[in-house]
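Participant: Below is the structure, and that's it, no one-letter string:
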């Protein structure tokens with residue numbers, strides 16, 4: 001199974017390489033952009049770089065300026081691969097013990113959605129589908145008012161999607177659930193859309209429930225109320 005480890009190691013190393021932190025860039029920049037051999041060796045004398053080079057079995061000083069790229073590669077290899085190798089091996093062993101590794105090999109695409117960040121953009125349809133609408137029984141006096149509010153809600157999501165609102169769909173989701181994207185494994189409970197007699201929307205992020213106002217008979221009034229309360233929360237979170 002060494003091949004599996006090597007493949008997984010390469011995949012993770014490539015992913016990490018694309019996300020090199022500013023701190024790592026700052027560490028490498030003096031070495032990478034050194035203009036003379038003396039300048040290069042002066043930077044390489046830094047204690048933390050000496051430790052890295054020793055761990056790599058690399059020479060501690062450059063004998064010629066052309067060796068600069070080799071030192072940069074050695075430092076990168078240690079930080080991005082070797083320093084995390086034992087963690088990777090422990091992760092693989094843990095997956096193997098509970099049977100997850102076999103499942104990952106059998107269903108790689110499904111696990112990709114769960115284990116890797118999903119950059120799928122929210123749209124109005126997704127926003128509608130995320131929330132389960134809790135309406136009063138058909139025939140009750142409040143039902144038509146609730147149905148009107150649901151229509152306003154869907155129009156509001158479309159405006160957010162079309163950038164006809166100062167609020168984004170991610171802002172709406174943060175207000176209602178505390179998350180800017182649906183979690184890969186879903187919410188602990190199905191997000192619910194309910195109603196309030198108040199002027200502004202409220203939310204219970206623990207119960208994943210959004211309450212939209214029934215007070216308004218015109219869409220623009222409903223939209224203004226939604227934008228005001230959501231924007232107010234976002235300002236508080238800044």
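Facilitator: Thanks, I have it. Just so it is clear, the model here is predicted, and its values are computed rather than measured.

Participant: could you say which helix or strand contains residue 203?
Facilitator: Residue 203 is part of strand 202-204, with elements assigned from DSSP states H and E.

Participant: List the buried residues in that strand.
Facilitator: residue 203 (16 or more other CB atoms under 10 Å). Every C-beta, even on glycine, is put in place using the N, C-alpha and C of the backbone.

Participant: How is this protein divided into domains?
Facilitator: 1-82, 85-115, 124-236 (the TED database).

Participant: start to end distance for the shortest one?
Facilitator: Yep, that's domain 85-115 we're talking about. Start and end residues of domain 85-115 are separated by 19 Å (CA to CA, to the nearest Å).

Participant: Now do it, average pLDDT.
Facilitator: Summarised as a single mean, pLDDT over domain 85-115 is 82.

Participant: related to what we said a few turns ago, ok, of the domains of the chain, where does mean pLDDT dip lowest?
Facilitator: domain 1-82 (a mean of 71).

Participant: Run a quick neighbour tally on the closest residue in space to residue 76 that isn't next to it in sequence.
Facilitator: Spatially, and ignoring its direct neighbours in sequence, residue 76 is nearest to residue 28 (7.0 Å; CB to CB, 6 or more residues apart in numbering). Using other CB atoms under 10 Å, residue 28 has 18 other residues around it.

Participant: Secondary structure class of residue 28, three-state.
Facilitator: helix (DSSP: H, G, I helix; E, B strand; the rest coil).

Participant: Kindly report the same for residue 212.
Facilitator: The assignment at residue 212 comes out as strand when based on three-state DSSP.

Participant: Any buried residues in stretch 208-217, and which?
Facilitator: For stretch 208-217, by 16+ other CB under 10 Å, it's 208-216.

Participant: hmm, who's touching it?
Facilitator: Residues from elsewhere that reach stretch 208-217, judged by CB atoms under 8 Å, 6 or more residues apart in numbering: 131, 142, 145-146, 148-149, 152-153, 175-177, 187-204, 222, 225-226.

Participant: ok, back up a step: pull up the gap between the residue nearest to residue 76 and residue 84, please.
Facilitator: Using CB to CB, to the nearest Å, residue 28 is found at 17 Å from residue 84.

Participant: next one: residue 51
Facilitator: Residue 51 is 16 Å from residue 84, by CB to CB.

Participant: Neighbour count: the two, which is higher?
Facilitator: Taking neighbours as other CB under 10 Å, residue 51 and residue 84 compare with residue 84 leading, 16 against 11.

Participant: which helices and strands sit right next to the helix or strand harbouring the more buried one?
Facilitator: Using DSSP H and E, residue 84 sits in helix 83-97. Under the contact criterion of 3 or more CB pairs under 8 Å, 6 or more residues apart in numbering; DSSP states H and E, helix 83-97 touches helix 2-18, helix 100-106.

Participant: isn't the residue nearest to residue 76 right next to residue 74, touching?
Facilitator: No - contact criterion CB atoms under 8 Å: residue 28 and residue 74 do not qualify, at 10.9 Å.

Participant: now stretch 168-178, how far from the centre of its chain.
Facilitator: 14 Å (CA atoms, centre = their mean, to the nearest Å).

Participant: ok, back up a step: how about the helix holding residue 84: buried residues?
Facilitator: 84, 92, 95.

Participant: and if you look at stretch 156-165?
Facilitator: In stretch 156-165, counting by 16+ other CB under 10 Å, buried: 156-161, 165.
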